[in-house]
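S.K.: Prediction below, plus the sequence it came from.
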Amino acid sequence: MKKHLFNKYKAKSLLLLLVFYFLLSWLHFSYIINYDDFNYVAFSQDIEFELNWKRYIIITVLLLLDIIFLLYAKVSNFLFSILFLTLFFFVIPSGLFFASNNVVKPEIFISHNLFFIVIYMGSLVKWNLNFPQLNSYQSTILLLLITMIGLVPFIVSYGPYININNLWLIDVYETRRLVAEKVNNTYTAYTYSWFTKIIIPVALVFCIYFRKKAFILFSILSLLFLYLCGAHKTVFLGTFLIIVFYKYEYLKKTFYFIKLITAFLVFALMCSVIFDFDILWELSFRRILMLSALLDYCYFDFFHDNYIYWSNSFMSRFISYPYEVSPDFIIGRDYFNRPLMNANVGIISDGYKNAGYWGVGTNILVVGIIFSFFNSLRISPKFFGLFLLFLFSLLNSSLTTILLTHGGFLMILVAAFLLKDTELKLK
């Protein structure tokens, strides 16, 4: 009975994903390709974005094949959810952009599909590694102690610049500029994401499970304090995802995720069509999904046969970086006429700008190995929000940034030593 229930949720989730795809297609080809950022790129490249039916039919057929494959693939519930989200965040937007113009390279769409395939292939690898384990309550205490001690430098450095108005999203950018000018602390710069994306969210899940109200309050207040330190709204996103996706199993969470997103897309389209109110889809589907696909095109175009070989990163001591500003600002300046635009991209374009298709393949392989490792640990679905946030980071950050600054390496350690077998322990 349980197996039948899980298969039902798989089928319903994938069917809704297909509905979402056609609705997003309507939004993209009717509205998004006429938005300012697409117009800037079209003008700078002397091209025009419009629906290419031949390409659209090709990507639709390929997406159907991906969906059918995922429906029958023998993978864990955890990996099903990750593969599902890979289609949602990477394959579908890339495919729709591929169908927007004849000049868009098919290699970009192929790379995102390869990402999907490599993550699946990771399920075929069996990891037989044993790590010393703390029990779940000991893990909770350890994480809370680390938080208490680790936040002291933040209190010292950011305390004078706390602005309570930021809680209501007032003066956010003023606070960011102020702390950028006044605070220069290597420790806080590196550990900010460690605390907000990994340590405190994991502690919060454990606290909710053990129903320790004081610990829950401390975790939430710690996250709010860290938000006030830099006014980064992604702190709220991480907290929201952890709490919202705490309940239910992986397949139920995946179904509720796509159900909620599809309903929101329908609502956003209705607001746009009936009331000419576009801000909902502008700030969500355009900004998160389709702008990322547009930036992939820009990076592949600019860095074609012009790779930088990580010279603005860990190879800077050995290879001279050829530009005055970072790649993010180059793309903003040359393609969007906005020199101060920080045009962040995910692991596909990050790999391409550094080493072409070898770089793309390297990034895909590294992330595939990481998810294969996570899949072997039998982690509780209560931590689903943590992995959703990690996957989202892959959409708009370089791999080295994710592993170092955003705490990817730390997440691997926490998963191995604190989260292993929690699918069995945290019922």
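M.R.: That came in fine, so what should we check first?
S.K.: tally of neighbours for residue 256?
M.R.: Counted with other C-beta atoms under 10 Å, residues neighbouring residue 256 total 16. Quick note: C-beta positions are derived from backbone N, CA and C, even for glycine.
S.K.: now the helix or strand hosting it: mean pLDDT?
M.R.: For residue 256, the host element (DSSP states H and E) is helix 250-275. For helix 250-275, mean pLDDT is 96.
S.K.: Give the buried residues for it.
M.R.: 250-258, 261-262, 265, 268-269, 272 (16 or more other C-beta atoms under 10 Å).
S.K.: And stretch 240-252, by the same measure?
M.R.: 241-243, 245-246, 249-252.
S.K.: between those, which is nearest residue 331?
M.R.: Taking C-beta to C-beta as the measure, residue 331 sits nearest to residue 241 out of the buried residues of stretch 240-252, at 28.1 Å.
S.K.: show me what contacts the closest residue to that closest one other than its chain neighbours?
M.R.: Of all residues beyond its chain neighbours, the one nearest residue 241 is residue 385 (3.5 Å), with distances taken as C-beta to C-beta, 6 or more residues apart in numbering. Shown in contact with residue 385 (C-beta atoms under 8 Å, 6 or more residues apart in numbering): 201, 238, 241-246.
S.K.: separation between residue 385 and residue 109?
M.R.: 29 Å (C-beta to C-beta, to the nearest Å).
S.K.: Also residue 170?
M.R.: 41 Å.
S.K.: And for residue 383?
M.R.: Residue 383 is 31 Å from residue 109, where distance means C-beta to C-beta.
S.K.: ditto for residue 390
M.R.: According to C-beta to C-beta, residue 390 and residue 109 sit 23 Å apart.
S.K.: Comparing the two, which residue is more hemmed in?
M.R.: residue 109 (25 against 21).
S.K.: Show the backbone phi and psi for the more buried one.
M.R.: phi -60, psi -40 (degrees, to the nearest 10).
S.K.: Just give the closest residue to it, not the sequence neighbours.
M.R.: residue 98 (4.2 Å).
S.K.: That neighbour: neighbouring residues, count only.
M.R.: Neighbours of residue 98 (other C-beta under 10 Å): 24.
S.K.: any weak-confidence spans in the stretch 1-150 of the chain?
M.R.: Across the stretch 1-150 of the chain, the ranges flagged by pLDDT under 70 are 1-6.
S.K.: Which residue ranges of it form helices?
M.R.: For the stretch 1-150 of the chain, the helices defined by DSSP state H, counting those that start in this stretch cover 2-30, 36-45, 53-72, 77-86, 92-98, 106-121, 136-150.
S.K.: out of these, which comes closest to residue 188?
M.R.: Per C-beta to C-beta, nearest to residue 188 of the helices of the stretch 1-150 of the chain: helix 136-150, 9.6 Å.
S.K.: after that closest one, next one along is what?
M.R.: That would be, after helix 136-150 and using DSSP H and E, helix 152-158.
S.K.: Show me the contact partners of that next one.
M.R.: Contacts of helix 152-158 (C-beta under 8 Å, 6+ apart): 179, 183, 185, 187-188, 192, 225-226, 228-230.
S.K.: Now do the helix or strand just after it: which elements does it pack against?
M.R.: Using DSSP H and E, the next helix or strand after helix 152-158 towards the C-terminus is helix 172-182. Under the contact definition 3 or more C-beta pairs under 8 Å, 6 or more residues apart in numbering; DSSP states H and E, helix 172-182 sits against helix 213-230.
S.K.: how about a cut-off of 10 Å?
M.R.: Judged by 3 or more C-beta pairs under 10 Å, 6 or more residues apart in numbering; DSSP states H and E, the packing partners of helix 172-182 are helix 152-158, helix 213-230.
S.K.: Pick the most buried one from those.
M.R.: Using mean count of other C-beta atoms under 10 Å, the stretch among these with the largest mean neighbour count is helix 213-230, at a mean of 18.
S.K.: Let me know the next secondary structure element after it.
M.R.: Using DSSP H and E, the next helix or strand after helix 213-230 towards the C-terminus is helix 234-244.
S.K.: Residue 384 is in contact with residue 374, correct?
M.R.: No: the criterion here is C-beta atoms under 10 Å, and residue 374 misses it with residue 384 at 11.6 Å.
S.K.: hey, what's in contact with both of the two?
M.R.: Common neighbours of residue 374 and residue 384, using C-beta atoms under 10 Å, 6 or more residues apart in numbering, are 78, 82.
S.K.: The two: which is more packed in?
M.R.: Set residue 374 next to residue 384 and count neighbours by other C-beta under 10 Å: residue 384 wins out with 28 against 23.
S.K.: Contact partners for that one?
M.R.: Residue 384 makes contact with 78, 81-82, 85, 205, 241-242, 244-250, 252-254, 257, according to C-beta under 10 Å, 6+ apart.
S.K.: Which residue ranges of the stretch 301-427 of the chain form helices?
M.R.: Using DSSP H, counting those that start in this stretch, the helices of the stretch 301-427 of the chain run over 327-336, 347-376, 384-396, 399-403, 408-414, 422-425.
S.K.: Now the third one: average pLDDT?
M.R.: Averaging pLDDT along helix 384-396 yields 90.
S.K.: What of the fourth one?
M.R.: When the per-residue pLDDT values of helix 399-403 are averaged, the result is 92.
S.K.: And it, what does it pack against?
M.R.: helix 347-376, helix 384-396, helix 408-414.
S.K.: Mind putting the ones you listed into a markdown table with distance to residue 421?
M.R.: Converted to a markdown table, those look like this (distance: least, C-beta to C-beta, whole Å):
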| stretch | distance to residue 421 |
| --- | --- |
| helix 347-376 | 11 |
| helix 384-396 | 16 |
| helix 408-414 | 14 |
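S.K.: Mind telling me which of those the model trusts least?
M.R.: Taking the mean pLDDT of the helices and strands packed on helix 399-403, helix 384-396 comes last: a mean of 90.
S.K.: how far out from the middle of the chain is that helix?
M.R.: 4 Å (C-alpha atoms, centre = their mean, to the nearest Å).
S.K.: Next, the buried residues of that helix.
M.R.: 384-396.
S.K.: Between helix 106-121 and that helix, find me the angle.
M.R.: For helix 384-396 against helix 106-121, the angle by axes from the mean of the first three to the mean of the last three C-alpha atoms, to 10 degrees is 150 degrees.
S.K.: Take helix 384-396, keep the C-alpha atoms, and write them as CSV.
M.R.: This file holds the C-alpha atoms of helix 384-396, laid out as CSV (Å, rounded to 0.1, in the frame of the first residue of the first chain):
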residue,chain,number,x,y,z
PHE,A,384,14.4,18.6,2.8
GLY,A,385,14.5,22.4,3.0
LEU,A,386,18.2,22.3,3.5
PHE,A,387,18.8,20.4,0.2
LEU,A,388,16.3,22.6,-1.6
LEU,A,389,18.3,25.6,-0.6
PHE,A,390,21.5,23.9,-1.6
LEU,A,391,20.1,23.1,-5.1
PHE,A,392,18.9,26.7,-5.4
SER,A,393,22.5,27.8,-4.7
LEU,A,394,23.7,25.8,-7.7
LEU,A,395,21.5,27.9,-9.8
ASN,A,396,23.1,31.3,-9.0
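S.K.: Noted, bye for now.
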